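> Structure for the following, please:
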Amino acid sequence: MSQTAIANFEKPIGCYSPSVQELIVIDNVLSAMVGVEGHYILIKTVCGKSNDITFLVDPSMDLALQELAKRIFPLCKSFLLINQFVESRSQFQSGLVNHAFSAALRALLLDYQAMVAQLEHQFRLGRLSLQGLWFYCQPMMRSMQGLSTVIQRASVNNISGSAVLNLLQSQAKAMAGDNAVRMMLEKMAQCASSAYMSILERWVYEGVIDDPYGEFFIAEDKSLQKESLTQDYEAKYWRQRYSLKDGIPSFLANIAGTILTTGKYLNVMRECGHNVQVPPSENSKLMSFGSNHHYLECIKAAYNFASGELLNLIKDKYDLTGRLRSIKHYLLLDQGDFLVHFMDIARDELAKKPDEVSVEKLQERSSLLRRLGTFNDLEVTLRNSGDNDLEEPVSITGLETFSLSYKVHWPLSIVLSSKALIKYQLLFRFLFHCKHVDRQLCGAWQVHQVIEPNWHLMYNKLQSAKSIDECSPRRQASAYCIVIPVWALGLWSVVESGWGGGCLIKSDIFCLKQVIQHHDFFLDKCLRECLLLLPELLKKVERLKSMCLQYAAATQWLISSSIELHNPVEPIDDSKGLNKAKWKSGQVLKSTTRNVAVTDSVLKFEKEFNTELQSLGSILSSNSQAEPYLSHLAQWLLGVKNVKNGL
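Numbering: from 1, shown residues only. Below is the predicted model:
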């Protein structure tokens, strides 16, 4: 101690006898234990984050008495630190957890001050020695020091909310060897968590966040409204309107996701005007936590109730299954009659270029490949590192860009979000164009069947061209037209297997979260197995479809020309046999030339198609082990090959 401090003493304590010094020291220590300076023990506080506190004694004090007094100073320091923390954290801006923690500390300090008062009473009666004071302080000292450690860490980091609870729990675990201190810290944690559990209780039982100081581990973004689900591709409302924050209490870490989802479900029902509250029971209060984990059972019960209620609401009142079935009918081409009729009446409009079709009739202006390239989250796989450009086809029409839209309202927009609908539209565009290709091929084959009798008449008349007739277009066309529908069925079966293979809701689905997961899984499975996420394979399919359309157009044109050739418009004068003979000879020559052209054209189409088909089959087979879903389509293509080879 400095000379200035010594000069403040009226008389150094060393001037007294040891017995008198002990009485003076006991009196000063009892004062220091409640934060009051004595004549020979001074308290020095260094203000700052750590709020360090030191005690100074008169150096003339008996050394044995100094040693005993210094042993009690840690208890005095703990009291001062705890008292300062209570005063600072009792302010409103400190948060509910700190308020509850401070209240528990205040109750502890009252017990401590009562102990000091009893010791002082014994001292006044002449029954307390300094050694006895040290003995009586032992039990309280360990608990107070354990608390002061927590308080110092909390003050340095200026923590609140769940961080305070985590600190108390971690410190309690660290004091596992001292049962009394551990139990005291656990009791403090339980008291401090009471306010936090009240916030949690309102969330899991009512779907309401009552968190005035932002201490809860679930954040609410009020700027996001439910109407955004129909326009926002990322579906931010469902993911970000309520979300988890950092600093989840350790005792809730394993069930935080369940807690978040439970309140979300209840909140959705409130947004729908369906006020619902988890039915209370005798043991449903979440005001405390302990080793029996009863609060976990309450949370799980609340989750089961909320998820069941919301799923029933969406399925029964808002008919989720019916909406999904409607989407299947129209966006996944389950309504065949409707689609065929539409293709017929809109044929001229769909044949136009995208920029020639009115905006009201056509929403998309880019090809399917270019559209796929704009969605990174679809995980479009570029197998060839150099082939990373999803180029726009040279010429596209409304057929390649046409798509249907579907309007969805809350709360079905949680499942059928904008993101999900765009995936449906991608599938629709792909299947719609495949259907167009299929119809064109069928149209070419139907025209061919209509002209079959005339073809036989011509065959019987063209005796001189018998060797050419054996390679007639009829045989080539029929073989080719058998191949294409089989290939188309291979792709078409993907959507049917995805829809009916357990990808959507069933009677054993218990919560909306599973519905959303199954629905997303179904969409991603369809996109993946229709090759929409594999540009290299998709380009092969687009090439095959383009060749099919060229073949269908060429076949219909060639057959129409053959009909005109066999049935001339101008009448033939049969009065002169010579003219009739010349006309017949000319017609035979033209027919022979035309048949050769038809045969060459069909053979050229078939050769190019087989080359592309073989290339696609090879790629599918080589990748089917790494990606098993490709094996299904590969089997269809191999089946096509066997059919063509007569196996």
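> Residue 334 - how many residues pack around it?
Neighbour count for residue 334, taken as other Cβ atoms under 10 Å: 16. In this view, the C-beta of every residue, glycine as well, is placed from N, C-alpha and C.
> again, but for residue 321
Residue 321: 14 surrounding residues under other Cβ under 10 Å.
> unless I'm mixing things up, it is touching residue 311, no?
No. The pair residue 321 and residue 311 fails to qualify as a contact (Cβ atoms under 8 Å) at a distance of 11.2 Å.
> mind giving me the domain split of the chain?
According to the TED database, the chain comprises the domains 13-157, 191-318, 319-385+395-416, 438-458+472-564+586-646.
> Of the ones you listed, which is nearest residue 163?
With distances scored as Cβ to Cβ, the stretch of those nearest to residue 163 is domain 191-318 (5.5 Å).
> Report how far apart the opening and closing residues of that closest one are.
Start-to-end span of domain 191-318 (Cα to Cα, to the nearest Å) is 44 Å.
> any idea how far residue 322 is from residue 331?
As defined by Cβ to Cβ, to the nearest Å, residue 322 lies at a distance of 14 Å from residue 331.
> about what we covered before: the domains of the chain: which one's closest to residue 169?
domain 191-318 (5.7 Å).
> one step back: could you check which of residue 322 and residue 331 has the larger neighbour count?
Applying other Cβ under 10 Å to residue 322 and residue 331 shows that residue 331 carries more neighbours, namely 23 against 10.
> what sits against that one?
If you count contacts by Cβ atoms under 8 Å, 6 or more residues apart in numbering, residue 331 has them with 404, 406, 424, 425, 427, 428.
> Now, of those residues, which are buried?
By neighbour count, with 16 or more other Cβ atoms under 10 Å, the contacts of residue 331 hold 424, 425, 427, 428 as buried.
> Export these as JSON lines, with columns for secondary structure.
Written out in JSON lines, the entries for those read as follows (DSSP: H, G, I helix; E, B strand; the rest coil):
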{"residue": "424", "secondary structure": "helix"}
{"residue": "425", "secondary structure": "helix"}
{"residue": "427", "secondary structure": "helix"}
{"residue": "428", "secondary structure": "helix"}
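> Let me have those residues in CSV, extended by pLDDT and distance to residue 355.
Formatted as CSV, the entries for those read as follows, by pLDDT from 0 to 100; distance: Cβ to Cβ, whole Å:
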residue, pLDDT, distance to residue 355
424, 86, 25
425, 85, 20
427, 85, 25
428, 84, 21
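> Closest one to residue 14 out of the residues you listed, please.
For the buried ones among the contacts of residue 331, the nearest to residue 14 is residue 424 (93.3 Å; Cβ to Cβ).
> Contact partners for that closest one?
327, 331, 332, 406, 523.
> at 6 Å instead, please
Contacts for residue 424 (Cβ atoms under 6 Å, 6 or more residues apart in numbering) come out as residue 331.
> Give me the distance between it and residue 330.
9 Å.
> Now for these two: what residues contact both?
Shared between the contact lists of residue 424 and residue 330 (criterion: Cβ under 6 Å, 6+ apart) there are no residues.
> what does stretch 107-120 rub up against?
Around stretch 107-120, the neighbours that count as contacts under Cβ under 6 Å, 6+ apart are 30, 33, 34.
> Same question for stretch 107-116: list its buried residues.
If you call a residue buried by 16+ other Cβ under 10 Å, then stretch 107-116 has these buried ones: 108, 109, 112, 116.
> So for residue 46, what's the pLDDT?
The per-residue pLDDT reported for residue 46 equals 74.
> surely residue 429 meets residue 370?
No. Checked against Cβ atoms under 6 Å, the pair residue 429 and residue 370 is beyond contact range at 11.5 Å.
> Pick out whichever of the two has more residues nearby.
Counting neighbours by other Cβ under 10 Å for residue 429 and for residue 370 shows that residue 429 has the greater number, 23 against 16.
> before we move on, the earlier item: closest to residue 413 among the buried residues of stretch 107-116?
Nearest to residue 413 among those, with distances taken as Cβ to Cβ, is residue 108, at 52.3 Å.
> Mind telling me what element the closest one is part of?
Under the criterion of DSSP states H and E, residue 108 resides in helix 96-124.
> on that earlier part again, save the contacts of stretch 107-120 as a markdown table, and put in neighbour count, secondary structure and distance to residue 353 too.
As requested, the contacts of stretch 107-120 are arranged in a markdown table below (neighbours: other Cβ atoms under 10 Å; DSSP: H, G, I helix; E, B strand; the rest coil; distance: Cβ to Cβ, whole Å):
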| residue | neighbour count | secondary structure | distance to residue 353 |
| --- | --- | --- | --- |
| 30 | 20 | helix | 98 |
| 33 | 24 | coil | 92 |
| 34 | 16 | coil | 91 |
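> Let's have those residues in JSON lines, adding distance to residue 614.
As requested, the contacts of stretch 107-120 are exported to JSON lines (distance: Cβ to Cβ, whole Å):
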{"residue": "30", "distance to residue 614": "100"}
{"residue": "33", "distance to residue 614": "94"}
{"residue": "34", "distance to residue 614": "95"}
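> what are the ranges of the strands in this structure?
Counting by DSSP state E, the chain has strands at residues 41-46, 52-57, 218-220, 242-244.
> Could you dump those strands into TSV with distance to residue 263 and mean neighbour count added?
What follows is those, written out as TSV (distance: least, Cβ to Cβ, whole Å; neighbours: other Cβ atoms under 10 Å):
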stretch	distance to residue 263	mean neighbour count
strand 41-46	45	16
strand 52-57	43	16
strand 218-220	7	17
strand 242-244	7	16
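> In JSON lines: the ones you listed, plus distance to residue 131.
Compiled in JSON lines, the strands of the chain are given as follows (distance: least, Cβ to Cβ, whole Å):
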{"stretch": "strand 41-46", "distance to residue 131": "17"}
{"stretch": "strand 52-57", "distance to residue 131": "17"}
{"stretch": "strand 218-220", "distance to residue 131": "55"}
{"stretch": "strand 242-244", "distance to residue 131": "55"}
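> nearest to residue 96, of the ones you listed?
Between residue 96 and these, the shortest separation by Cβ to Cβ is 14.9 Å, and it involves strand 218-220.
> just checking, what packs against that closest one?
Here strand 218-220 is seen to pack against strand 242-244 when contacts are counted using 3 or more Cβ pairs under 6 Å, 6 or more residues apart in numbering; DSSP states H and E.
> and the strand it packs on, what does it pack onto?
By contact count (3+ Cβ pairs under 6 Å, 6+ apart), the secondary structure elements abutting strand 242-244 are strand 218-220, helix 256-271.
> Looking at the ones you listed, which one is packed in the most?
Mean neighbour counts were compared across the helices and strands packed on strand 242-244 using mean count of other Cβ atoms under 10 Å; the top stretch is helix 256-271, at a mean of 20.
> who touches residue 303 in this structure?
Taking Cβ under 6 Å, 6+ apart as the definition of contact, the neighbours of residue 303 are 258, 262.
> Averaging pLDDT per element, find the lowest-scoring helix or strand in this structure.
helix 466-469 (a mean of 34; mean pLDDT, DSSP states H and E).
> re earlier: closest to residue 529 out of the buried residues of stretch 107-116?
Top of the list for closeness to residue 529, among these and by Cβ to Cβ, is residue 108 at 65.3 Å.
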